[in-house]
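Peer 1: I need the structure of the sequence given here:
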Amino acid sequence: MLAYNTKGGDVTEVLAKLEKLRKADARLELSHEPSSTSKAANLNAALPLTEPYELTLILDADHHTETEAIARLVWALRKAPKTTVCMQGAVLVRGDSCWELALTTLNWYFFSILFPGVQMMSGTAMFAGAGAIWDSKTLRDFAFTDGML
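Peer 2: Alright, predicted model coming up:
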């Protein structure tokens with residue numbers, strides 16, 4: 001499911017491309033969320049669709065994820081302690097421009113230093129917003145809030 005909101009600017013071309021994709025693949029469901037003001041609201045709009053599934057993958061619409069990466073997340077979640085409800089992967093930034101190298105450095109810092117440090121101090125982990133496989137029931141039970149993902 002792709003939940004989206006449009007807050008300004010002309011998105012007609014983007015929506016036409018999405019509709020073309022939806023017609024080509026019946027598994028894609030588009031949900032316009034005009035009252036949404038946050039990523040959390042967009043994610044919550046999709047939660048009812050997770051009902052029949054054990055696991056739910058959350059990606060940003062601009063992520064291009066390889067099947068092997070998803071398989072590794074599923075494998076890691078299933079091997080983790082039973083209290084683990086989410087397995088998050090790092091985002092690979094491709095390219096070697098100044099901006100891409102800066103994003104790669106920030107990504108490495110967050111996933112290699114900041115996130116593990118927060119986890120060690122708090123006993124819990126932080127979800128960065130996308131690139132994660134979740135236990136579907138936990139998502140439905142708790143949902144997302146605008147103040148925190």
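Peer 1: I'd say residue 139 and residue 49 touch.
Peer 2: No - counting by Cβ atoms under 8 Å, residue 49 is not a contact partner of residue 139; they are 10.6 Å apart. (Each C-beta comes from the backbone N, C-alpha and C, glycine too.)
Peer 1: shaky segments in the chain?
Peer 2: Counting by pLDDT under 70, the chain has low-confidence residues at 6-9, 91-92, 129, 148-149.
Peer 1: quick one on the thing from earlier: so for residue 139 and residue 49, which sits in the more crowded spot?
Peer 2: Per other Cβ atoms under 10 Å, whichever of residue 139 and residue 49 has more neighbours is residue 139, with 20 against 14.
Peer 1: angles on the backbone of residue 132, please.
Peer 2: phi -140, psi 150 (degrees, to the nearest 10).
Peer 1: please verify my assumption that it contacts residue 89.
Peer 2: Yes - using Cβ under 8 Å, residue 132 is in contact with residue 89, at 6.9 Å.
Peer 1: list the residues that contact both of these two?
Peer 2: Shared contacts of residue 132 and residue 89, defined by Cβ atoms under 8 Å, 6 or more residues apart in numbering, are found at residue 73.
Peer 1: list the contacts for residue 87?
Peer 2: 73, 74, 76, 77, 80, 132, 133.
Peer 1: confirm it sits in a helix?
Peer 2: No - per DSSP: H, G, I helix; E, B strand; the rest coil, residue 87 lies outside any helix segment and is strand.
Peer 1: now it. Nearest residue, chain neighbours left out?
Peer 2: Leaving aside its chain neighbours, residue 87 sits nearest to residue 77 (3.9 Å; criterion: Cβ to Cβ, 6 or more residues apart in numbering).
Peer 1: tally of neighbours for residue 128?
Peer 2: For residue 128, using other Cβ under 10 Å, the count is 17.
Peer 1: also the one 5 residues further on?
Peer 2: Other residues near residue 133 come to 24 when the count uses other Cβ under 10 Å.
Peer 1: which residues touch the helix or strand where it lies?
Peer 2: Using DSSP states H and E, residue 133 sits within strand 132-135. Residues outside strand 132-135 that contact it (Cβ under 8 Å, 6+ apart) are 54-58, 70, 73-74, 77, 85-89.
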